[in-house]
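Engineer: Just need the structure, nothing else, for what follows:
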Amino acid sequence: MFDAVKLKKDADKIIKSKLFPDNEALPDRNEEEVLLTNFRRSYAKFFEDKIVKENSPIQEQATQIYWNILQFHKKRLEKLGIRLEFDSERMNYGQAENSVVSLSQFDGRYLLTRVKEHIAASCTFFKGNRKLHHKKYKQAAFYTLLSAETRGDGLVICPNCGNPTTRENLIDGCDYCGTKFTVEDLGTRVGDFALRDDVGIEFAKMKKNADAYMNWLYLLTFSISFIIFFGICYLFIDSGGFFGGTFTYFLCIIGISAVVSALVCAAVKAMLYEYIMRATGLEHLVDLYRHTSYRAVDNLEHQDTEAERMVQNYDELFSISDFYSGLQNKLAAIHYADNKEQINAFTVVDLGHLVERYKNVINIDTEEIVLEDYYVDGAYQIATAYVKLNVLLNEAMGARSRIEKLRVQLIKSADCKTQAVCGPSVLRCRGCGASLSLLEGKVCHYCGRELDLAQYDWVISDYKIEMFL
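Structural biologist: Numbers count the residues shown, from 1 in each chain. Presented below is the predicted three-dimensional model:
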């Protein structure tokens, strides 16, 4: 039976996917994608609520350290009377099957799953009913997912000490280290979440969007050619004509129009490609394409690959996307901190003087991040990164963006090779066993012992602001 409604929906889907590729949203297709969608929804709900709620859904989905970082941001917005609305949707940039790419590895304590998701998201900041700022993100979301590793014989690896035991024992207390976990602690948690540009996605979008505009151009030139040649041929037919009949007549018009359209599109693609890129909203790639074409994007990817391999010579499980996301989250915590203890939560250098400078920051976006150097020196691994941030400030006349360029040095214990630092057991005092919160700094209020976070994760040892405009 003919279904006109279904036919219309199918036609609309084809038009959106072929002529407007960025409008093609993708549904959840497996358990991992359901988890990502639920996390983004909880993230949105967390920031839309007027106050920080205990036992909010995201608290059960995020690791303790990442939960603390989110609290830093939320409390800053509360202090300034600002509300954030976050919307997100999984998109198809390039090929749908590549919209979510994940890689899982076991690091001896946790199963780490690194995920890159094609995303369309927006952040809108309100002060009362007044919109302060709106920004769209149309590239990639990066996640690190952590979960307790299981074995085929029903044993679970203790995320604190690596001892294989039963799930029940870990809930009652690990037989080896005594750490107790909840059921949620042993499930999958989000260790970090970051929206960031990705050269691979940017290039796929550039090509896909340009092809879409070429489709429009082809339809336009074909239509114009058909009308012109129809008129010309109609005059020949009226004057006796030399075509064999109406069918041949239309075939000739269609053939000539198709050839002319193809030639016009080829000429436009060869000579005016940069203007098509402008039309697709990728103006910043015009010079890149004009001077170096595809090789420039390949070089950017090559740069990150070489930096990753440099570290993997020592730490074979190192992931540069993890490193970038982790650094981005630490910089967020620094910019949203309200006091000296909070701003130094991820540092071994005193950054207390920056609390006043950053007191009106309501959001930061990473525009560029590059791992410039890495080496091992005695007890520590040492890395240097260049970071370019877009910092959004709350000012009397409204929100204003400023560019901040940083050169950040980080250190991590030489014995810590890609350990899952964000587990629930890490923020525990090694002196008395009390729980620690980064909201209160990294010093135990019971015995005064300070957490040596460099034994578990990268911490900032030098922080230089090279430009703040």
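
Engineer: in the stretch 351-469 of the chain, which ranges drop under the pLDDT threshold?
Structural biologist: Applying pLDDT under 70 to the stretch 351-469 of the chain flags residues 418-431, 433-441.

Engineer: in it, which spans are helices?
Structural biologist: 354-357 (DSSP state H, counting those that start in this stretch).

Engineer: Could you pull out the strands in it for me?
Structural biologist: Taking DSSP state E, counting those that start in this stretch as the test, the strands found in the stretch 351-469 of the chain are 361-377, 380-395, 398-413, 459-468.

Engineer: could you redo those as a markdown table and give each row mean neighbour count and distance to Asn313?
Structural biologist: (C-beta placed from N, C-alpha, C; glycine too.) Formatted as a markdown table, the strands of the stretch 351-469 of the chain follow (neighbours: other Cβ atoms under 10 Å; distance: least, Cβ to Cβ, whole Å):
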| stretch | mean neighbour count | distance to Asn313 |
| --- | --- | --- |
| strand 361-377 | 17 | 9 |
| strand 380-395 | 18 | 12 |
| strand 398-413 | 18 | 15 |
| strand 459-468 | 15 | 21 |
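
Engineer: Just put those strands in CSV and tack on distance to Leu26.
Structural biologist: Output for the strands of the stretch 351-469 of the chain, formatted as CSV (distance: least, Cβ to Cβ, whole Å):
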stretch, distance to Leu26
strand 361-377, 24
strand 380-395, 28
strand 398-413, 31
strand 459-468, 37
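
Engineer: Those: which one's closest to Lys340?
Structural biologist: strand 459-468 (14.1 Å; Cβ to Cβ).

Engineer: helices or strands next to the closest one in the packing?
Structural biologist: Here strand 459-468 touches helix 320-336, strand 398-413, going by 3 or more Cβ pairs under 8 Å, 6 or more residues apart in numbering; DSSP states H and E.

Engineer: I'd like these laid out as CSV, including distance to Glu78.
Structural biologist: Formatted as CSV, those follow (distance: least, Cβ to Cβ, whole Å):
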stretch, distance to Glu78
helix 320-336, 11
strand 398-413, 16
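
Engineer: Out of those, which is closest to Thr305?
Structural biologist: helix 320-336 (8.1 Å).

Engineer: about what we covered before: so which of the strands of the stretch 351-469 of the chain comes closest to Gly81?
Structural biologist: So among the strands of the stretch 351-469 of the chain, strand 380-395 is nearest, using Cβ to Cβ, at 8.9 Å.

Engineer: Show me what that closest one is packed against.
Structural biologist: Against strand 380-395 (3+ Cβ pairs under 8 Å, 6+ apart) you get helix 320-336, strand 361-377, strand 398-413.

Engineer: what helix or strand does Glu202 sit in?
Structural biologist: helix 199-238 (DSSP states H and E).

Engineer: Give me the mean pLDDT for that helix.
Structural biologist: The average pLDDT for helix 199-238 rounds to 68.

Engineer: again, but for stretch 58-77
Structural biologist: On average, stretch 58-77 scores 85.

Engineer: Report the buried residues of stretch 313-321.
Structural biologist: For stretch 313-321, a neighbour-count test (16 or more other Cβ atoms under 10 Å) marks Asp315, Phe318, Ser319, Ile320, Ser321 as buried.

Engineer: contacts for it?
Structural biologist: 103, 105, 107, 112, 114, 116, 142, 304, 307-308, 311-312, 371, 376, 381, 417-418 (Cβ atoms under 8 Å, 6 or more residues apart in numbering).

Engineer: Now do the domain split for the protein, please.
Structural biologist: 203-292, 340-468 (automatic domain parsing).

Engineer: gap between the two ends of the last one?
Structural biologist: In other words, domain 340-468. 21 Å (Cα to Cα, to the nearest Å).

Engineer: so where's the stretch 101-250 of the chain uncertain?
Structural biologist: In the stretch 101-250 of the chain (pLDDT under 70), the answer is 107-110, 151-153, 160, 167, 171-172, 179-186, 199, 203-218, 229-250.

Engineer: quick one: the helices in it?
Structural biologist: Under DSSP H, counting those that start in this stretch, the stretch 101-250 of the chain gives helices at 167-172, 183-186, 199-238, 246-271.

Engineer: residues in contact with the closest residue to Glu395 other than its chain neighbours?
Structural biologist: Nearest residue to Glu395, sequence neighbours excluded (Cβ to Cβ, 6 or more residues apart in numbering): Asn360, at 6.7 Å. Each residue near Asn360 by Cβ under 8 Å, 6+ apart is listed here: Leu80, Leu393, Asn394, Glu395.
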